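Novice: Sequence first, then the predicted structure, then my questions.
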Amino acid sequence: MSKYIAAIDQGTTSTRCILFDHSGNIISVGQKEHEQIYPQPGWVEHNPVEIWKNTLEVIAIARINASATAADIAAIGITNQRETTVVWNKRTGKPYYNALVWQDTRTTELVAKYEREGGLNQFRDITGLPVSTYFSGLKLKWLLDNVEGLREDAEKGEALFGNIDTFLIWHLTGSTQSGIHVTDVSNASRTQLMNLRTLQWDASMLEAYQIPEKMLPAIKSSSEVYGHVTNEILPGVPVAGDLGDQHAALVGQTCFEPGMAKNTYGTGCFLVMNTGNELKTSENGLLTTISYQFGNQPVQYALEGSVAVTGALVQWVRDNLGLIKNSSEIESLAKTVEDNGGAYFVPAFSGLYAPYWRNDARGVIAGLTRYVNKGHIARAVLEATAYQTVDVVRAMEQDSGIELASLRVDGGMVSNQLLMQFQSDILNTQVVSPAVAETTALGAAYAAGLAVGYWKNTEELKRNWAIAHTWNPDMEEETRSRFYKGWQKAVTKSYDWME
């Protein structure tokens, strides 16, 4: 039996390859950052060619670090930054344009047009999603409308569309020679083009967004053999798992029962609750989406609350303000003060996502006095992540009728003890982190491993899960209420900045 499962974790800022063993332990890691491209305010792009080259490089690094051959690897799973949209030519393999990143807001005018013509929620019953700059469908429409020759090629079947998972699978399985053009249900659910009930591309959505069906990938389950690697990096290894990053984290946290939820603290913050076989329509600004689908088993649904800017705010304080040199320094700077000094930071850089969905919002710092110093600002930066999480949790509890007993957490910001304790305090709920922090990559590995029999079933995966740290609430109710009331007031100050 092969020793390892490889997971490619293609994220917003970097690409990683992680090798896991049967117990879900990390054996080796290769990682490389890619360029963030900002052509003008609100536009965010990545170079797909750079991402593909980096993918090959990190696979090689992970293999070399573990002294692993292709025979040692049972399968590859892929997890990716969702909604990030790329189109390429199937004969040349060349992208027509840079990838439009999920944070990109160039489709704001399109959103306003659809809002005038039918309202932001006109497609929710089909797709579970509001009309927003966030999802792939409008980004793809923008590319078709603005890139010369693309629509013509798409109509002829020459141009291919995908989120980054699709782009990587196509390249891994032979690109222009034999590349397999597929995505999974979790990624397809983030395009706003898939019908959540039929799990197929929806004809009325394609018509509404004027998208030729020929350019769309085949929709598969999250755990099956899509094809095999054709290049020398891992020749013959099955590509057998595909999950959007937040769905992968749900699987990595083994949230297989309805009502179980996880929150990933990364560039943004993504809280996902498994709702089982039941498709729940949100009344409180959350998204209805897919959890995962393993092979021919029934699809599992989810409610999700997406927050656009959390870890990205720490990077902004580092890069744009220069208050810290490294992101990890934010915690020690925040610890120089007892509280936020009355200051609140609402990071609505590209509008507010769940549960507000305000495209007109922009970032504000509220409550400033002469007393506030850089320590208070640092604290307000961290607290913004916790407050936004509370907003989403409360909405989720209302939609699901389930009160969270504890919150499973993962992602880069979980190492910040001050943030995690404040999260527990302001949520008044236990917060738990797993022994293996890389739950996104682990979820992709689990999906691939299940497909090839490396793991027998989800019960086996549950046995791998272990607790690393628990934070319990330790804040007076009066203080909690006062702090949160200040946050809610600050949020309203971010509204109506964009016409």
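Specialist: Arrived safely.

Novice: Tell me, how many residues neighbour residue 250?
Specialist: 32 (other Cβ atoms under 10 Å). (C-beta placed from N, C-alpha, C; glycine too.)

Novice: Can you list the neighbours in contact with the helix or strand where it lies?
Specialist: In this assignment (DSSP states H and E), residue 250 forms part of helix 245-252. Contact with helix 245-252 is made by 9, 11, 77, 79-82, 186, 222, 243, 262, 264, 266, 270, 272, 274, 289-292, 302, 304, 410-411, 434, 436, 438-444, 446-447, 461, as judged by Cβ atoms under 8 Å, 6 or more residues apart in numbering.

Novice: in that helix, what's buried?
Specialist: 245-252 (16 or more other Cβ atoms under 10 Å).

Novice: Residue 67: which of the residues you listed is nearest?
Specialist: residue 252 (25.3 Å; Cβ to Cβ).

Novice: Inside helices: which ones of the contacts of helix 245-252?
Specialist: 186, 439-444, 446-447, 461 (DSSP state H).

Novice: Buried members of the residues you listed into ChimeraX, please.
Specialist: The following ChimeraX line selects those of the ones in helices among the contacts of helix 245-252 that are buried, judged by 16+ other Cβ under 10 Å:
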select :186,439,440,441,442,443,444,446,447,461
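
Novice: Enumerate every residue touching the closest residue in space to residue 474 that isn't next to it in sequence.
Specialist: The shortest distance from residue 474 to any non-neighbouring residue, by Cβ to Cβ, 6 or more residues apart in numbering, is to residue 425 (6.2 Å). Counting by Cβ under 8 Å, 6+ apart, residue 425 touches 473-475, 480.

Novice: I'd like to know which of those are buried.
Specialist: By neighbour count, with 16+ other Cβ under 10 Å, these hold 473, 475, 480 as buried.

Novice: what's the closest of those to residue 331?
Specialist: residue 475 (18.3 Å).

Novice: show me what contacts the closest one?
Specialist: Contacts of residue 475 (Cβ under 8 Å, 6+ apart): 425-426, 428.

Novice: What confidence value was assigned to the nearest residue to residue 199 once chain neighbours are set aside?
Specialist: Ranked by Cβ to Cβ, 6+ apart and with sequence neighbours excluded, the top spatial neighbour of residue 199 is residue 185, at 5.6 Å. On the pLDDT scale, residue 185 is placed at 97.

Novice: Residue 185: how many residues sit nearby?
Specialist: 25.

Novice: And for residue 27?
Specialist: 17.

Novice: how about the strands in the stretch 301-450 of the chain?
Specialist: Per DSSP state E, counting those that start in this stretch, the stretch 301-450 of the chain carries strands over the ranges 344-346, 364-366, 406-410, 430-434.

Novice: Burial-wise, tell me which of these comes out on top.
Specialist: strand 344-346 (a mean of 24; mean count of other Cβ atoms under 10 Å).

Novice: Pick out the most distant pair among the contacts of residue 425.
Specialist: Most distant of the contacts of residue 425, by Cβ to Cβ, are 474 and 480, 10.5 Å apart.

Novice: which intervals of the stretch 101-250 of the chain have sub-threshold pLDDT?
Specialist: The model of the stretch 101-250 of the chain has no residue with pLDDT under 70.

Novice: related to what we said a few turns ago, return the member of the ones in helices among the contacts of helix 245-252 nearest to residue 60.
Specialist: residue 441 (16.8 Å).

Novice: show me the contacts for that closest one.
Specialist: With contacts defined as Cβ under 8 Å, 6+ apart, the neighbours of residue 441 are 7, 9, 16, 18, 20, 79, 248, 252.

Novice: switch the cut-off to 10 Å
Specialist: By Cβ atoms under 10 Å, 6 or more residues apart in numbering, the contact set of residue 441 is 5-9, 11, 16-20, 26, 29, 77-79, 245, 248-249, 252.

Novice: repeat for residue 11
Specialist: By Cβ under 10 Å, 6+ apart, the contact set of residue 11 is 31, 33-34, 79-81, 84, 164, 245, 266-267, 412, 440-441.

Novice: try 8 Å this time
Specialist: 80-81, 245, 266-267, 440.

Novice: one step back: using a markdown table, lay out the ones in helices among the contacts of helix 245-252 together with distance to residue 99.
Specialist: Shown next, in a markdown table, are those (distance: Cβ to Cβ, whole Å):
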| residue | distance to residue 99 |
| --- | --- |
| 186 | 18 |
| 439 | 24 |
| 440 | 19 |
| 441 | 20 |
| 442 | 25 |
| 443 | 22 |
| 444 | 19 |
| 446 | 26 |
| 447 | 23 |
| 461 | 31 |
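
Novice: For the nearest residue to residue 417 once chain neighbours are set aside, give me the pLDDT.
Specialist: The spatially closest residue to residue 417, leaving aside those adjacent along the chain, is residue 331, at 7.0 Å (Cβ to Cβ, 6+ apart). Residue 331 is assigned 96 on the pLDDT scale.
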